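# I would like the atomic coordinates for the input below:
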Amino acid sequence: MKTITGSLIIAFLLSGTSIFSQVTQPVGKDTLVSFTVYGACVQCKDRIEKAAKIKGVRSAYWDENTKLLSLLLSPAMADLNKIKNRIAAVGHDLEDRKAPDAVYNALPACCLYRKMPKPVPVNQSDPINQVQKDSVAIKPVNQPTAVDLHEVKGVVLETDSKGRFKALAGASVIWSGTNKGGLTDSSGVFRVSRMEGQNDLVVSYAGYRSDTLRITGTDELRIILASDKKLREVTVTSKMRSTYVSGISSIRTQVMTQKELFKAACCNLSESFETNPSVDVSYSDAVTGAKQIQLLGLSGIYTQLTVENLPGPRGIATSLGLNSIAGPWVESIQLTKGIGSVANGFESIAGQINVELKKPESGERLFANAYVNDFGKTDINLNLSAKVGKKWVTALLLHDDFLFNKSVDGNRDGFRDLPSGNQFSAINRWKYDDGKGWMIQAGVKMLNDDRTGGELSFNPSTDKLTTRKYGLGISTQRYEGFAKIGYVFPQKKYKSIGLQLATISHRQDSYFGLTTYDAKQETFYANLIYQSIIGSTIHKFRMGTSFAYDRYREVLQLVNYKRTEAVPGVFFEYTWAPLEQFTVVAGLRADHNSLFGFFATPRLHIRYEPVSGTTIRLSAGRGQRTANIFAENTSLLVSSRPVSIIGGSTGKAYGLDPEVAWNKGISIDQKFKLFQRDGLFSVDFFRNDFSNQVIADQEDPAQLRFYNLSGRSYSNSFQAELSVEPLKSLELRLAYRYFDVKTTYGGKLLQKPLVATNRAFANLAYGYRGWKFDYTFNLIGQKRIPGTATNPPAYQRRTQSPAYVLMNAQISKTLGKKYPMDLYIGAENLSNFKQRDAIIAGDQPFSPYFDASMVWGPVTGRMIYLGWRFRIK
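Below you'll find the predicted structure:
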């Protein structure tokens with residue numbers, strides 16, 4: 001048994017002082033001070049705690065739920081008024097002072113707490129739950145006040161390894177020998193009725209060994225677990241949706257958190273969208289194992305892929321690029337439909353996918369993941385992070401996957417459904433923050449990937465580039481270096497300047513039967529951005545200059561294709577926000593392409609919130625890109641079709657014009673309450689019109705033709721999505737999507753092949769005591785298949801694919817608190833649906849009819865996997 005002054009639990013007597021008022025109590029030679037600071041998110045927490053840590057402050061902890069900042073400080077060294085002024089100067093209001101409007105308005109969108117409702121106390125008439133207006137009055141411990149003689153009130157906190165205070169929600173507070181008592185709320189606060197003859201109060205939490213303290217007075221208690229606590233470390237987090245849309249961002253961006261990514265195995269980026277209704281993911285052919293995505297009914301090449309707003313896999317890396325980013329490296333994914341910001345370039349047409357990798361300053365000190373499936377594919381990941389001195393942090397991310405099983409042939413066509421081989425990749429990144437405005441990030445990446453596929457009996461040492469057995473091999477080496485240098489003006493937080501740099505070397509050597517394709521790409525990218533305001537934060541702007549350089553060397557069947565593109569450009573983006581409910585973002589780029597000359601890229605975004613909870617967004621703008629016809633259509637090389645480029649002219653990319661499109665869109669998000677829980681209903685419609693497009697025409701099974709668009713090419717995309725929580729801890733998402741995508745092929749306007757007109761989607765996620773259950777349902781509608789009528793009857797296919805259902809499921813269990821470990825098991829394609837005869841003329845792979853690119857459905861059948869995750873935070 002321990003009394004309130006025992007070594008395990010220290011109880012501070014707070015006579016007559018609210019738990020959430022400013023309080024000052026002695027802790028040895030130091031003093032504990034608590035007061036309210038307003039904020040909204042994790043970025044606010046970092047900013048507030050950083051501002052509070054002046055000389056003499058031992059520890060600082062801000063609770064996002066209660067808005068309470070707790071400081072352990074030396075009164076002789078730390079000036080409380082100075083601390084409050086520093087907090088207000090970085091943009092956060094306190095009870096007795098307000099942050100400057102200009103500084104507040106310059107905060108990131110997620111930090112604009114004034115637009116959010118202030119926290120409502122549990123019982124506003126109860127002083128233990130009420131935030132007091134007078135945050136500077138400090139009452140002596142022994143000052144007599146009116147107290148409730150029938151109740152014991154208090155708050156239970158703990159200190160973590162860094163000396164920061166954390167509320168213990170759900171801690172049990174019960175009179176010894178009875179079942180009478182209660183639980184602490186989300187803020188760690190409790191109140192229990194006194195019992196006659198009882199003075200011993202038992203505090204326990206989450207099954208750990210309990211402790212007892214002797215109550216000898218009538219004062220409110222603040223109970224802090226000391227460093228030798230028997231209750232082990234507990235992390236309390238507020239619930240956040242696995243996927244969410246920011247209501248205050250001008251550009252509608254859907255954020256997929258790590259919680260969403262953990263609903264599936266997510267071995268690489270291509271598998272990260274299996275639980276997202278907006279993005280289609282499928283194998284691009286029946287033999288290479290490469291996956292492709294579709295957004296708004298358009299191929300993934302029209303979606304700008306960036307990694308932390310730097311160029312991601314593009315150009316030569318397009319076909320296998322999605323497989324090159326390991327899933328356990330990903331912190332979150334930001335998905336934007338339609339055109340994006342001019343600050344990110346001019347290539348976005350269907351949308352943008354930005355991947356945020358795990359950061360050295362916020363990621364786990366150690367994260368390990370191991371995965372294996374019943375095909376024999378194995379993935380191993382190890383993430384490490386550490387502090388180096390006071391201003392540097394670093395992280396090392398490692399990934400290795402391999403498949404040595406050469407007999408995966410679920411559809412029994414004599415070809416491997418997946419190529420065998422090994423991929424190894426790594427990232428080493430560093431970050432410097434001097435705390436005075438300067439910040440530097442830099443790192444290097446590398447990837448080595450070797451794959452071999454083809455017929456089951458193919459042996460590359462004896463059969464490569466012969467007609468004995470059909471085989472393919474793809475060898476890829478990729479090296480990247482990147483840096484970000486930024487400065488935020490300390491006295492003008494709305495003003496900053498940043499420089500982004502990236503250099504990439506990518507090489508691929510490959511063969512497909514008798515066809516050889518080797519390619520090399522060298523890239524340099526620089527982007528300088530300056531942002532500030534005009535008079536006030538109603539008028540904000542971003543401006544800058546960029547330079548992109550790409551050098552390509554491709555060899556297809558001994559024919560050389562070389563080109564160099566240098567694109568310098570400037571941009572300006574103006575944001576007008578006269579009201580919190582209305583924002584206009586207008587941007588313009590001017591660029592000069594060394595092959596195609598000058599071009600302009602205008603873009604416009606409008607956000608309007610007519611009533612609280614209803615957000616309407618409009619967008620319109622232009623996008624332009626250069627097609628890499630061979631790398632972006634590698635799947636078409638796994639056929640016997642001869643390749644021809646029609647109407648080309650010298651001095652351009654393959655003699656073809658750049659692809660240019662105009663995208664227009666509208667989205668409506670409606671928030672609502674269902675059973676006291678948040679819900680969201682969203683609809684969006686996007687129209688895309690190409691003024692020029694490079695057509696990959698496979699309508700004739702005897703040839704593959706590339707040419708400039710002559711006619712119309714457009715896409716219409718409609719989607720409706722509902723997200724609700726019908727029961728506690730049960731999340732349900734339903735979606736329906738419709739595509740109308742047509743292109744002119746040989747003078748005829750036809751539905752784009754291998755694109756489903758209709759898709760229905762459902763995802764169920766339930767969590768209970770460390771268990772997580774996830775189930776995803778997809779109904780994929782019919783797709784048009786390019787004509788094969790001129791083939792012999794045995795090698796002809798129907799003109800429409802059937803509709804089919806795909807179902808995935810996963811169960812995971814989290815074990816441990818201090819060092820949590822996840823065990824997970826799942827299955828993809830539960831119904832074991834497979835496309836039959838996915839390869840045309842598979843029995844004659846060197847005949848003119850062979851074609852492995854006509855894939856409209858899964859080729860691998862049911863797949864079962866299991867895995868293990870371990871983390872040290």
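# which residues in the chain form helices?
With DSSP state H, the ranges of helices along the chain come out as 42-52, 80-89, 101-105, 258-261, 318-321, 460-463.
# so in this structure, where's the weakest helix or strand by average pLDDT?
None of the helices or strands of the chain scores lower by mean pLDDT, DSSP states H and E than strand 9-13, at a mean of 32.
# which among the helices of the chain is found nearest to Lys387?
helix 42-52 (14.8 Å; C-beta to C-beta). For glycine as for every other residue, the C-beta is placed from the backbone atoms N, C-alpha and C.
# and for Leu579, the neighbour number?
The number of residues packed near Leu579 is 9, by other C-beta atoms under 10 Å.
# how near is it to Lys115?
Counting by C-beta to C-beta, to the nearest Å, the separation of Leu579 from Lys115 is 11 Å.
# likewise for His399?
40 Å.
# between the two, which one's more packed in?
Higher neighbour count among His399 and Lys115: His399, with 24 against 12, using other C-beta under 10 Å.
# contacting residues for that one?
326, 328-329, 379-381, 423-426 (C-beta atoms under 8 Å, 6 or more residues apart in numbering).
# and for Val279?
Taking C-beta under 8 Å, 6+ apart as the test, what Val279 contacts is 273, 293-295, 335.
# tell me, how many residues neighbour the closest residue to it other than its chain neighbours?
Nearest non-adjacent residue to Val279, counting by C-beta to C-beta, 6 or more residues apart in numbering: Phe273, 4.0 Å away. Using other C-beta under 10 Å, Phe273 has 25 neighbouring residues.
# so Ala290 sits against Asn323, correct?
Yes - between Ala290 and Asn323 there is a contact at 6.8 Å, judged by C-beta atoms under 8 Å.
# compare neighbour counts for those two and give me the winner.
Ranked by neighbour count (other C-beta under 10 Å), Ala290 and Asn323 place Asn323 first, with 24 against 21.
# got TSV for the helices of the chain, with mean pLDDT, distance to Tyr766 and mean neighbour count too?
Putting the helices of the chain into TSV (pLDDT from 0 to 100; distance: least, C-beta to C-beta, whole Å; neighbours: other C-beta atoms under 10 Å) gives the following:
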stretch	mean pLDDT	distance to Tyr766	mean neighbour count
helix 42-52	89	26	19
helix 80-89	91	40	18
helix 101-105	87	39	17
helix 258-261	84	13	20
helix 318-321	76	34	25
helix 460-463	95	47	11
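# residue ranges of the strands in the stretch 601-750 of the chain, please?
614-625, 643-645, 659-674, 677-692, 694-697, 704-708, 713-727, 730-745, 748-751 (DSSP state E, counting those that start in this stretch).
# in contact with Leu112, which residues are there?
40, 104-105, 248.
# residues contacting the nearest residue to Phe690 once chain neighbours are set aside?
Of all residues not flanking Phe690 in the chain, Ser713 sits nearest, at 4.1 Å (C-beta to C-beta, 6+ apart). Applying C-beta under 8 Å, 6+ apart, we find Ser713 in contact with 689-690, 693, 695, 742-744.
# apply 10 Å and report the result again.
298, 659, 661, 688-693, 695, 741-745, 749, 752 (C-beta atoms under 10 Å, 6 or more residues apart in numbering).
# roughly how far apart are the nearest residue to Glu565 once chain neighbours are set aside and Gly182?
Take Glu565 and drop its neighbours on the chain: the residue closest to it by C-beta to C-beta, 6+ apart is Asp550, 4.7 Å away. As judged by C-beta to C-beta, Asp550 and Gly182 stand 65 Å apart.
# tell me the contacts of the residue nearest to Val279?
By C-beta under 10 Å, 6+ apart, the neighbours of Phe273 are 256, 260-261, 264, 266, 279-281, 291, 293-295, 322, 333, 335, 353.
# about what we covered before: what's the farthest-apart pair in the contacts of Val279?
Gln294 and Leu335 (12.9 Å).
# so which of the helices of the chain gets nearest Asp433?
helix 42-52 (9.6 Å).
# what's that closest one packed up against?
For helix 42-52, the packing partners by 3 or more C-beta pairs under 10 Å, 6 or more residues apart in numbering; DSSP states H and E come out as strand 57-62, strand 68-73, helix 80-89.
# now render the ones you listed as JSON lines, adding distance to Asn309.
Formatted as JSON lines, the entries for the helices and strands packed on helix 42-52 read as follows, by distance: least, C-beta to C-beta, whole Å:
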{"stretch": "strand 57-62", "distance to Asn309": "28"}
{"stretch": "strand 68-73", "distance to Asn309": "32"}
{"stretch": "helix 80-89", "distance to Asn309": "28"}
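# looking at the ones you listed, spot the one closest to Leu806.
Here strand 57-62 is closest among the helices and strands packed on helix 42-52 (C-beta to C-beta), at 44.5 Å.
# packing partners of the closest one?
Using 3+ C-beta pairs under 10 Å, 6+ apart: strand 57-62 touches strand 30-36, helix 42-52, strand 68-73, helix 80-89, strand 151-159, strand 165-167.
# thinking again about what came up before, now the helices of the chain in CSV, with distance to Trp438?
Conversion of the helices of the chain to CSV gives the following (distance: least, C-beta to C-beta, whole Å):
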stretch, distance to Trp438
helix 42-52, 14
helix 80-89, 18
helix 101-105, 19
helix 258-261, 29
helix 318-321, 33
helix 460-463, 52
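# please identify the buried residues of stretch 637-649?
Buried residues in stretch 637-649, counting neighbours by 16 or more other C-beta atoms under 10 Å, are found at 637-641, 643.
# whoops, stretch 754-773 was the one
By 16+ other C-beta under 10 Å, the buried positions in stretch 754-773 come out as 754-757, 759-765, 767, 772.
# need the distance between the two termini of it.
One end of stretch 754-773 to the other measures 32 Å (C-alpha to C-alpha, to the nearest Å).
# does the nearest residue to Ile333 once chain neighbours are set aside have beta-bridge partners, and which?
In space, and not counting its chain neighbours, Ile333 is closest to Met256: 4.3 Å by C-beta to C-beta, 6+ apart. Judged by DSSP bridges, the bridge partners of Met256 are Thr243, Ile333.
# number of nearby residues for Met256?
23.
# from Leu335, how far out is it?
From Met256 to Leu335 the distance is 7 Å (C-beta to C-beta).
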